[in-house]
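Trainee: here are the coordinates; sequence isn't available:
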């Protein structure tokens, strides 16, 4: 909660010189962050169980977005149907990837699976490019005009903001209830903690892994479709978003879905606020201006890696190890283990 | 007769030079990934840093306000050798800076941090026009022996010989390095870091050294690329370059420098053929050739990691001679 407080203080401080621009940026950041939350919690689930960073997660989001695009624009059906089919398709894609590739790489270390996922990412994004071309596309969703709050100049959009927040909140609550209350969720947490122990306790580990991929895929699909509605869709959409998702996962504590939720919101807000800051210094120090929007998010990620590598919700390291981390040269490498 | 000779030299250089560049990049990656097991997802950025450092140092400050085209550089341009050394140093130092916070952590963190670093480098190259020329490109980069040999087939042929010799020299140096105690320590880190640590090896420094050396080699490749192309734009340094380097390493043989030479030339034959084919295809299919090319890269990565992770020419076990 300290992090949320810190972010609120930063927003308040920025609101002094930039006024409503900073507050509007913060609102946009929360909305964007709530999409990152969906991507990051899915990535964290697969990371917790498979123990490798899945570079194809962003492209799974793009696949979801294009499934919805096909249904919504090419076949002219309602966007709800698009959401539904996108979730099913990407969930099946996740299961297929596990069965055909990642299951065979078990026990071969994190880097082997990571390289295979880079290969998957290349295949997915270029297949989409070959089918849909690289043009930027838009979904056919009616978006009402912004709701302006009285004389304050604060803006809010019922579909872009409201529906996005509602959908992410609903899915997050679903994930929470599933992880804490259902047998499947408890088995998932057990597998993430200790796969061998879970297996010996009679949990059907293979099935749990497949369900994890399906849920992560469905969440990725929803995140992809939401991005397509809020921004637009093009074949490299997910690949560029992937870095923010990774940043969210690292800030929250890798392998912890709850950390990923907070991390996603923080990264979204920081990204939009750094847009305001970089625009303000454009032409004076840096020429790029708003183009540097991602840099703020990456800086937060690097600071977390330096001073708090276990993330906000990851396993705590011994007290002395945390501050010494960045400065001591001779140190044992620290394995950051994950607890869901 | 001489027309035919010129044509042959041009075509040959058009294949040999990019293929050799790819081999050099892959050799650098091999020090990091092949010998030490470090995953660098920002290869393109280190090549880019090398290319831009070389470009700025060897052309000096340039400004043409009429078309708002400028880039930063020293008032008096450095000679080519110094510029290339500076390019290697810049890439190596930046590599070390990225690696210091992440090398202590799990392998995945280095991958994510280098990917983020690559994105930041790309943004800077694209946007800081006063520093790098931005989208306007950085041009008039000299080649070796430039005033003596004017540009043309002869210069291309000379560059081709030069880069091939440099690559062979680099292989000798890297082979020596991997057989030296330092290289054997790197292998120990790759195989079992805890065991290496227990034997009293400072695994953090070993990894840092390997990472910096690899990045410096990539910087050299960037310098050579800039020198051959004469003009560089930020869009050359996209993530695809990184993944191509991985395909070359895994195709040739992880940890085997000779295998990488083979892998580089064979793989570039494929890319080169598909580029040549584009000229004979209608426009919309020519576009798809690139996508198909990248799908093949992805499939090669997946299939090799699944079925032949040691590559076509596996690493030979090296036993040092007993004294």
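Mentor: Alright, I've got the coordinates. As the structure is a computational prediction, the values presented were derived from the model and not from experiment.
Trainee: Start from the N-terminal end of the stretch 101-250 of chain A and give the helices.
Mentor: With DSSP state H, counting those that start in this stretch applied, the stretch 101-250 of chain A shows helices at A:110-132, A:164-181, A:183-193, A:195-200, A:205-230, A:237-252, listed in chain order.
Trainee: Residue B:319: which of those is closest?
Mentor: helix A:110-132 (26.0 Å; Cβ to Cβ). For every residue, glycine as well, the C-beta is placed using N, CA and C.
Trainee: Now do that closest one against helix A:237-252, angle only.
Mentor: Counting by axes from the mean of the first three to the mean of the last three Cα atoms, to 10 degrees, helix A:110-132 lies at 150 degrees to helix A:237-252.
Trainee: Looking at helix A:110-132 now, give me its mean pLDDT.
Mentor: Mean pLDDT, computed over helix A:110-132, is 91.
Trainee: what about it, near chain B?
Mentor: Yes. Counting by Cβ under 8 Å from any Cβ of the partner chain, chain B is contacted by helix A:110-132 at A:110-112, A:114-116, A:118-123, A:125-127, A:129-130.
Trainee: Would you mind listing which of those are buried?
Mentor: A:110-112, A:114-116, A:118-123, A:125-127, A:129-130 (16 or more other Cβ atoms under 10 Å in any protein chain shown).
Trainee: Sketch out the low-pLDDT regions of the stretch 1-150 of chain B for me.
Mentor: Along the stretch 1-150 of chain B, the parts satisfying pLDDT under 70 run over B:1.
Trainee: what does it put close to chain A?
Mentor: Residues of the stretch 1-150 of chain B lying near chain A (Cβ under 8 Å from any Cβ): B:33, B:37, B:39, B:41, B:101-109, B:111-113, B:115-116, B:119-120, B:123-124, B:126-130, B:134.
Trainee: quick revisit: pick the most buried one from the helices of the stretch 101-250 of chain A.
Mentor: Mean neighbours per residue, mean count of other Cβ atoms under 10 Å in any protein chain shown, is largest over the helices of the stretch 101-250 of chain A for helix A:237-252, with a mean of 27.
Trainee: continuing past that helix, what's the next helix or strand?
Mentor: Using DSSP states H and E, the helix or strand that follows helix A:237-252 towards the C-terminus is helix A:257-280.
Trainee: Which one of the residues in the stretch 151-300 of chain A is closest to chain B?
Mentor: Residue nearest to chain B within the stretch 151-300 of chain A (Cβ to the nearest Cβ): residue A:288, separated by 3.2 Å.
Trainee: What number of residues are in the vicinity of that residue?
Mentor: Neighbourhood size, residue A:288 [other Cβ atoms under 10 Å in any protein chain shown]: 20.
Trainee: that's a helix at residue B:150, yeah?
Mentor: No. Assigned with DSSP: H, G, I helix; E, B strand; the rest coil, residue B:150 falls outside any helix and is coil.
Trainee: Quickly note the distance from it to residue B:296.
Mentor: As judged by Cβ to Cβ, to the nearest Å, residue B:150 and residue B:296 stand 39 Å apart.
Trainee: do residue A:209 as well
Mentor: When distance is defined by Cβ to Cβ, residue A:209 is 29 Å away from residue B:296.
Trainee: Give me the spatial nearest neighbour of residue 18, chain neighbours excluded.
Mentor: As the question left the chain open, I've gone with chain A. residue A:276 (5.6 Å; Cβ to Cβ, 6 or more residues apart in numbering or on different chains).
Trainee: wait, I meant chain B there
Mentor: In space, and not counting its chain neighbours, residue B:18 is closest to residue B:268: 6.2 Å by Cβ to Cβ, 6+ apart.
Trainee: and the residue nearest to residue A:18, how many neighbours does it have?
Mentor: Around residue A:276 there are 21 other residues, counting by other Cβ under 10 Å.
Trainee: same thing with residue A:38?
Mentor: For residue A:38, using other Cβ under 10 Å, the count is 30.
Trainee: what sits against the closest residue to it other than its chain neighbours?
Mentor: Of all residues not flanking residue A:38 in the chain, residue A:223 sits nearest, at 4.0 Å (Cβ to Cβ, 6+ apart). By Cβ atoms under 8 Å, 6 or more residues apart in numbering or on different chains, the contact list for residue A:223 reads A:35-36, A:38-39, A:42, A:61, A:64.
Trainee: what's the answer for residue B:179, then?
Mentor: Each residue near residue B:179 by Cβ under 8 Å, 6+ apart is listed here: B:318, B:320.
Trainee: Equivalent analysis for residue A:237, please.
Mentor: Residue A:237 makes contact with A:58, A:61-62, A:65, A:224, A:227-228, A:231 under the criterion Cβ under 8 Å, 6+ apart.
Trainee: State the distance from it to residue A:124.
Mentor: With the distance defined as Cβ to Cβ, residue A:237 ends up 11 Å from residue A:124.
Trainee: what's the overlap in contacts for those two?
Mentor: Each of residue A:62 lies in contact with both residue A:237 and residue A:124 under the rule Cβ under 8 Å, 6+ apart.
Trainee: In a helix, residue A:295, correct?
Mentor: Yes. Counting by three-state DSSP, residue A:295 is part of a helix.
Trainee: wait, what's in contact with it?
Mentor: Per Cβ under 8 Å, 6+ apart, neighbours of residue A:295: A:274, A:278, B:120, B:123.
Trainee: same question, residue B:60
Mentor: Residue B:60 is in contact with B:73-77, counting by Cβ under 8 Å, 6+ apart.
Trainee: one step back: make sure the residue nearest to residue A:18 is actually in contact with residue A:23.
Mentor: No. Contact criterion Cβ atoms under 8 Å: residue A:276 and residue A:23 do not qualify, at 9.9 Å.
Trainee: Secondary structure class of residue B:75, three-state.
Mentor: Under three-state DSSP, the three-state class of residue B:75 is coil.
Trainee: From residue B:89, how far out is it?
Mentor: Counting by Cβ to Cβ, the separation of residue B:75 from residue B:89 is 20 Å.
Trainee: Repeat that for residue A:119.
Mentor: 33 Å.
Trainee: same thing with residue B:78?
Mentor: Distance from residue B:78 to residue B:89, counting by Cβ to Cβ: 12 Å.
Trainee: Give me the more crowded residue out of these two.
Mentor: Taking neighbours as other Cβ under 10 Å, residue B:78 and residue B:89 compare with residue B:78 leading, 18 against 15.
Trainee: For the residue lying closest to that one once chain neighbours are set aside, which residues are in contact?
Mentor: Take residue B:78 and drop its neighbours on the chain: the residue closest to it by Cβ to Cβ, 6+ apart is residue B:57, 4.7 Å away. Neighbour list for residue B:57: B:73-74, B:77-78, B:82-83, B:86-87 [criterion: Cβ under 8 Å, 6+ apart].
Trainee: Now do the buried residues in stretch A:7-25.
Mentor: Within stretch A:7-25, the residues that count as buried by 16+ other Cβ under 10 Å are A:7, A:11, A:14, A:18, A:21-25.
Trainee: Adding secondary structure and pLDDT as columns, could you present those in CSV?
Mentor: Output for the buried residues of stretch A:7-25, formatted as CSV (DSSP: H, G, I helix; E, B strand; the rest coil; pLDDT from 0 to 100):
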residue, secondary structure, pLDDT
A:7, helix, 76
A:11, helix, 76
A:14, helix, 75
A:18, helix, 73
A:21, helix, 77
A:22, helix, 79
A:23, helix, 81
A:24, helix, 82
A:25, helix, 84
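Trainee: so which of those comes closest to chain B?
Mentor: Proximity of the buried residues of stretch A:7-25 to chain B (Cβ to the nearest Cβ) peaks at residue A:25, which lies at 19.0 Å.
Trainee: so how far is the helix or strand hosting residue B:118 from its chain's centroid?
Mentor: Per DSSP H and E, residue B:118 falls inside helix B:107-127. Relative to its chain's centre, helix B:107-127 lies at 16 Å (Cα atoms, centre = their mean, to the nearest Å).
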